[in-house]
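> Task: produce atomic coordinates for the following.
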Amino acid sequence: MADSKLRKVTIDETLFSFAFDRDLDFHDAYPTSTYLDLETGEINWVYEKDEDAYMEAGVAPDDNRIMRERVEATPSRYLEIPGLDHGDHHVILREFLDSDWTADKEQHTRARNAYFGSIGGWKKSLDDESIVHAFHDYRDRKTIQMAEDFLREHGIEPEWR
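This next block holds a predicted model:
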């Protein structure tokens with residue numbers, strides 16, 4: 001989409017990242033959808049079942065119902081934020097391991113050799129926290145770029161706050 005046609009929306013970067021980066025396979029204990037309000041830039045979590053909103057987040061069931069009904073009544077006002085599946089997180093880690101994140105060949109090799117399919121296991125097996133920190137920095141940059149690409153594909157130019 002051409003930049004001149006993008007709609008500028010001021011969005012809280014931290015809340016959007018929290019919604020976009022979440023690992024759907026692990027973070028959503030109850031069926032949940034997240035939406036960007038295209039008029040206000042607010043991020044809204046909507047639980048499929050109203051009682052789940054209270055159980056997981058302490059949100060009054062009536063408040064969840066009202067938000068869900070609002071999204072259903074005016075769908076053009078809301079953009080669903082998809083979240084990432086667990087495989088996406090592994091792809092990001094493999095991309096990091098294949099990148100030039102360090103000039104130290106020994107450190108690079110240790111990081112690559114430590115990964116056998118488990119992100120948590122990979123982190124625990126490393127005796128060098130700087131590697132994990134470098135991965136977190138890479139992941140944060142990568143997911144914000146993915147988020148910006150997603151928003152632009154939907155005609156939104158984010159103005160992060």
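> Tell me where the chain has strands.
7-11, 32-37, 43-47, 78-81, 156-160 (DSSP state E).
> can you redo the ones you listed as TSV with mean pLDDT, mean neighbour count and distance to residue 116?
(Glycine included, C-beta is placed from N, CA and C.) Listed next are the strands of the chain as TSV, based on pLDDT from 0 to 100; neighbours: other C-beta atoms under 10 Å; distance: least, C-beta to C-beta, whole Å:
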stretch	mean pLDDT	mean neighbour count	distance to residue 116
strand 7-11	97	15	37
strand 32-37	95	21	31
strand 43-47	95	21	34
strand 78-81	97	19	31
strand 156-160	97	16	36
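> Quick check: which of those strands is nearest to residue 22?
strand 32-37 (8.0 Å; C-beta to C-beta).
> Okay, now the unreliable bits of the protein?
Low-confidence segments of the chain (pLDDT under 70): 1-4, 27-28.
> Run through who's touching the helix ranked longest in the chain.
Looking across the chain with DSSP state H, the single longest helix is helix 129-153. Helix 129-153 is contacted from outside by 1, 6, 9, 13, 16-17, 20-21, 36, 79, 82, 84, 89, 92-93, 95-96, 99, 101-102, 107, 110-111, 123, 126, 157-158, using C-beta atoms under 8 Å, 6 or more residues apart in numbering.
> And the residue sitting furthest away from the middle of the chain, how far from residue 97?
What lies farthest from the middle of the chain is residue 106; by C-alpha atoms, centre = their mean that is 31.2 Å. Distance, residue 106 to residue 97, by C-beta to C-beta, to the nearest Å: 14 Å.
> Can you tell me which residue sits nearest the middle of the chain?
residue 21 (1.5 Å).
> quick one on the thing from earlier: switch the strands of the chain over to a markdown table; also include distance to residue 130.
Output for the strands of the chain, formatted as a markdown table (distance: least, C-beta to C-beta, whole Å):
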| stretch | distance to residue 130 |
| --- | --- |
| strand 7-11 | 31 |
| strand 32-37 | 33 |
| strand 43-47 | 32 |
| strand 78-81 | 31 |
| strand 156-160 | 27 |
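> between those, which one is nearest to residue 115?
For the strands of the chain, proximity to residue 115 was assessed by C-beta to C-beta; strand 78-81 is nearest, at 28.1 Å.
> How far off centre is the closest one?
13 Å (C-alpha atoms, centre = their mean, to the nearest Å).
> Give me the helices and strands touching that strand, please.
For strand 78-81, the elements it packs on are helix 13-21, strand 32-37, judged by 3 or more C-beta pairs under 8 Å, 6 or more residues apart in numbering; DSSP states H and E.
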